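Chemist: From the sequence below, what's the structure:
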Amino acid sequence: MPKKVIFMGTPDFAVNALQELSNHFEVLLVITAPDKERNRRKMMPTPVKEAAFVLKLLVLTPDNVNDIEIIEYIKKLQPDFLIEVAYGQLIKEDLLNLLPNRFLNIHPSLLPEYRGAAPIEQAILDGEKETGVSIMIVEKGLDSGDILYSTTTPIGNEDDIYTLSDKLAKQGAKDIIYVIKNYDILYAQRKKQGEIFTYAKKITKEMGRVNWKSSSDEVNNLVRALKARPGVYTFYGNTRIKIFNGISIFENSDKEPGTILNISSEGIDVACRKGIFRVTELQFPNKKKMSVFDFVKGNTLEKGIIFE
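Modeler: Got it, this is the predicted structure:
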């Protein structure tokens, strides 16, 4: 008999795991966040809900997954495992107690490093060269449960939030299949996390503003990590400029950090505390995102201007 699972997840990151679970086991139910209002007041389903419909799976979108009606319904289905991937709601004790030690989470870091809401972004921000995926038992604490299995993923110099999230999502999908198939052995070998850990705090809009007094590597890490959410930006006077891509150049300048040193079709070179950051893709208010190659054809910025 194939194992029976209930899946809880919401964003794109969770879709790979749902697809793999449906290929190997019986997915009894998918629980995801309610539809949200998007452009022009159109209600849009979550990526997980869209994937579940394609897979012809039963879907629930409760406002509160801890409601007694939801818990009783899950109990009636008698799953072997509950699998949670970036679901987005706090799981309370009554729900946790339905399947002790078989309520599992795919977390995109090498726990106990980077517990919390933004482990992928924080690993890039910190300039880490590797991260990974941990399959853990969900408990009351935040990402503090016993670790059943973990795998390491390198972070390349060109990786950003998009590419690294994709790598980790695919790795996590493979890992959860392995864990379920080998659960008894892995549970017997489970590792407790202990009291020493690091925390990846929730990303705020303010974190996306470039501090040109940072090194060019730090600015590059910021762009790679936060280009998707909340977006990276700087100011030219009162004009907010979004930055989507760039490279760190290992040269130094005696100019004030934030000063535009050079403008060419290759990019806009900006002085940092250490090194130079070359902006290669940007966006001005009410305009489309464009490469600097296209930008210089019809726009002007002058050397010596200081970004703030």
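Chemist: tell me the mean pLDDT for the one helix or strand Leu282 maps to?
Modeler: Per DSSP states H and E: Leu282 is located in strand 276-283. For strand 276-283, mean pLDDT rounds to 97.
Chemist: And it, what does it pack against?
Modeler: Counting by 3 or more Cβ pairs under 8 Å, 6 or more residues apart in numbering; DSSP states H and E, the packing neighbours recorded for strand 276-283 are helix 216-226, strand 239-249, strand 267-271, strand 290-291, helix 292-298. Quick note: C-beta positions are derived from backbone N, CA and C, even for glycine.
Chemist: Sheet partners, orientation included, of that strand?
Modeler: Paired neighbours of strand 276-283 in the sheet (DSSP bridges): strand 239-249 (antiparallel), strand 267-271 (antiparallel), strand 290-291 (antiparallel).
Chemist: Please work out which residues outside it touch it.
Modeler: Here strand 276-283 makes contact (Cβ atoms under 8 Å, 6 or more residues apart in numbering) with 212, 216, 219-220, 241-249, 251-253, 261, 266-270, 289-292, 295.
Chemist: cool, and stretch 115-124?
Modeler: By Cβ under 8 Å, 6+ apart, stretch 115-124 touches 107-109, 113-114, 131, 142-144, 155, 159-161, 164-165, 168, 197-203, 221, 224-226.
Chemist: Give me the buried entries from the residues you listed.
Modeler: Buried by 16 or more other Cβ atoms under 10 Å: 107-109, 113-114, 131, 143-144, 155, 159-161, 164-165, 168, 200, 203, 221, 224-226, out of the contacts of stretch 115-124.
Chemist: Just the ones of those in helices?
Modeler: The members of the buried ones among the contacts of stretch 115-124 that map onto helices under DSSP state H are Ile161, Leu164, Ser165, Leu168, Asn221, Arg224, Ala225, Leu226.
Chemist: wait, doesn't the fourth one sit right on Pro154?
Modeler: Spelled out, it's Leu168. No: when contacts are counted by Cβ atoms under 8 Å, Leu168 is not listed as touching Pro154 (11.3 Å).
Chemist: From the contacts of strand 276-283, list the buried ones, please.
Modeler: Listed as buried from the contacts of strand 276-283 are 212, 216, 219-220, 241-249, 253, 261, 267-270, 290-292, 295; burial here means 16+ other Cβ under 10 Å.
Chemist: Span of stretch 58-69 from start to end?
Modeler: For stretch 58-69, the first and last residues are 16 Å from each other (Cα to Cα, to the nearest Å).
Chemist: Can you point out the buried residues in stretch 181-191?
Modeler: The neighbour-count check on stretch 181-191 (16+ other Cβ under 10 Å) flags Tyr183, Leu186 as buried.
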